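**Student:** Coordinates for the following, if possible.
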Amino acid sequence: MFNYGVFRKTLLESSWSILAAAIGLVAFVVLFVWAMQHMGTELLSFVSKFPFLQKVFEMSLGIKVSGEVSLSVLFAACFTHLMVMMLAWSVIIATSTRVTVGEVEQGTADLLLTLPVHRYEVYVSTSLVWMISATLLSFMPLLGIWIGTFFVDTSEVIDLKRYIAPACNFLCLNLAIGGITSMFGCLLNRRSVTIGLVIAIVFLSSVLNFLEPFLDEIKRIKFLSLLSYFRPVDIVRTGVWPSAHCTVLLVVALLCWIVGLIAFSRKDIPTA
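**Tutor:** As a prediction, the model looks like this:
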């Protein structure tokens, strides 16, 4: 079920994008920590005076302005920042579609699949690459927080152990994104369509997450949003591990990955 040659080929092709995203994540989180240290509390104080801005701010960063807000809670908001999620997801989506649909669309997949390698091996080996990249990128914010607090004097002691649970929750979300992308990549023959569908799912999740405080009707269907199972700020605030949310995301990831495995093993591969 595993082929080192296919794994190594996919990893080498994706290594530079993974490295660039990892460096970008760490750099952004360091700047985020610096900004929250110097402007976070003043910004929250200003936003709390305007109810509408308070709602928008809470949905943008996932911070309840009315509750207790410490630096630890402010730093946890980096996991929900659009820049962090986009850097991670762009690499995961690109890596998970590189072989399953990318080479199929280019007409080069037949060369790979004519080798004495079973399709199951190709799928598992390439999947390991995006899973490794998802794991690496999910914990980069943790490294960024550590570096940021190392260079920036904070007014309170920051316990890095509190951010392990949010990082694990982020990993489960990234695995779900990767599983969904792999499934569509195996069901379709166009990489652009696959990426478009995944972006549409992510966009819909973001819209549902944003509208939930404003519309009661959205609360009945919020379970459809992947982001409703990703609450890093609440995790740091309460200290409770998101076991249920992580389980849901992992189930979605596993089911979609299995569907992709079955679809890829039966997929018609056009030649160039």
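
**Student:** Going by C-alpha atoms from here, please, whenever you check contacts or count neighbours.
**Tutor:** Will do.

**Student:** Show me which residues of stretch 5-15 are buried.
**Tutor:** Buried residues in stretch 5-15, counted by 16 or more other CA atoms under 10 Å: Val6, Phe7, Thr10, Leu11, Ser14, Ser15.

**Student:** low-confidence ranges in this structure?
**Tutor:** 39-70, 102-116, 154-156, 212-216, 268-272 (pLDDT under 70).

**Student:** secondary structure element for Trp89?
**Tutor:** Here Trp89 sits within helix 82-96, counting by DSSP states H and E.

**Student:** for the buried residues of stretch 5-15, which one is nearest Val30?
**Tutor:** Set against Val30, the nearest of the buried residues of stretch 5-15 by CA to CA is Ser15 (22.7 Å).

**Student:** How much space separates the closest one from Ile92?
**Tutor:** From Ser15 across to Ile92, the span is 12 Å (CA to CA, to the nearest Å).

**Student:** do Arg98 as well
**Tutor:** Using CA to CA, we find Arg98 at a distance of 10 Å from Ile92.

**Student:** Between these two, which has more neighbouring residues?
**Tutor:** Ile92 (30 against 21; other CA atoms under 10 Å).

**Student:** That one reaches Ala134, doesn't it?
**Tutor:** Yes. Ile92 is within contact range of Ala134, at 6.3 Å (criterion: CA atoms under 8 Å).

**Student:** What's the biggest helix in this structure, counting residues?
**Tutor:** helix 4-35 (DSSP state H).

**Student:** so how far is that helix from its chain's centroid?
**Tutor:** Centroid separation between helix 4-35 and its chain, computed with CA atoms, centre = their mean, to the nearest Å, is 13 Å.

**Student:** can you check stretch 233-246 too?
**Tutor:** 17 Å.

**Student:** what comes into contact with that stretch?
**Tutor:** Applying CA atoms under 8 Å, 6 or more residues apart in numbering, the contact partners of stretch 233-246 are 62-63, 72-74, 76-77, 162-163, 165-166, 168-169, 172-173, 229-230.

**Student:** So which of those residues sit within helices?
**Tutor:** Using DSSP H, these in helices are Ser72, Val73, Leu74, Ala76, Ala165, Pro166, Cys168, Asn169, Cys172, Leu173.

**Student:** Closest one to Thr181 out of those, please.
**Tutor:** Thr181 has its nearest neighbour among the ones in helices among the contacts of stretch 233-246 in Leu173, at 12.4 Å by CA to CA.

**Student:** Give me the neighbour count for Phe139.
**Tutor:** Using other CA under 10 Å, Phe139 has 21 neighbouring residues.
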